[in-house]
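quick one, what's the 3D model for this:
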Amino acid sequence: QVQLVESGGGLVQAGDSLRLSCAASGRTFSVYVMGWFRQAPGKEREFVSAINSRGASTYYADSVKGRFTISRDNAKNTVYLQMNSLKREDTAVYYCAVKRGLVIKTSEYDYWGQGTQVTVSS
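You can find the predicted model right below:
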């Protein structure tokens, strides 16, 4: 069992930055793929970014590529999502998730956090 707790969301203006954090419980954090997903009102949950277990490979949705950066600190059992140049369309609840094995961009992850709200105003 892995418990995930996201933090760092908030209300910002377009063009601002935020850094989301996701802290995981457990001793085996370093073996997990970590992913970030988001769900906007009235829309399905979508993939945002993922990072492999060692942090050597990162993946991004086209809509955030060049603006968002995912990273992880295995010593702190934490994954981060640095979000720059935020746009109104980035407004959503952001979730982190973990899985073993290969990185995937679909939602078949094993454990999910409760989500953190990001609201971008114009």
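
so who does the residue nearest the centre of the chain touch?
Nearest residue to the geometric centre of the chain (Cα atoms, centre = their mean): Trp36, 2.6 Å. Going by Cβ atoms under 8 Å, 6 or more residues apart in numbering, Trp36 touches 20, 22, 48-50, 70, 79, 81, 94-97. All C-beta atoms are positioned from the backbone trio N, CA, C, and that covers glycine.

now the residues you listed: which count as buried?
Taking 16 or more other Cβ atoms under 10 Å as the criterion, what is buried in these is 20, 22, 48-50, 70, 79, 81, 94-97.

one step back: from the contacts of Trp36, which land in helices?
Among the contacts of Trp36, no residue falls in helices (DSSP state H).

give the contact list for Ser57.
Counting by Cβ under 8 Å, 6+ apart, Ser57 touches 51, 103.

which stretches of the chain form strands?
4-7, 10-13, 18-24, 33-39, 46-51, 58-60, 68-73, 78-83, 92-99, 111-112, 116-121 (DSSP state E).

dump those strands into a markdown table; add mean pLDDT as well.
Converted to a markdown table, the strands of the chain look like this (pLDDT from 0 to 100):
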| stretch | mean pLDDT |
| --- | --- |
| strand 4-7 | 96 |
| strand 10-13 | 98 |
| strand 18-24 | 97 |
| strand 33-39 | 97 |
| strand 46-51 | 98 |
| strand 58-60 | 97 |
| strand 68-73 | 97 |
| strand 78-83 | 98 |
| strand 92-99 | 97 |
| strand 111-112 | 96 |
| strand 116-121 | 98 |
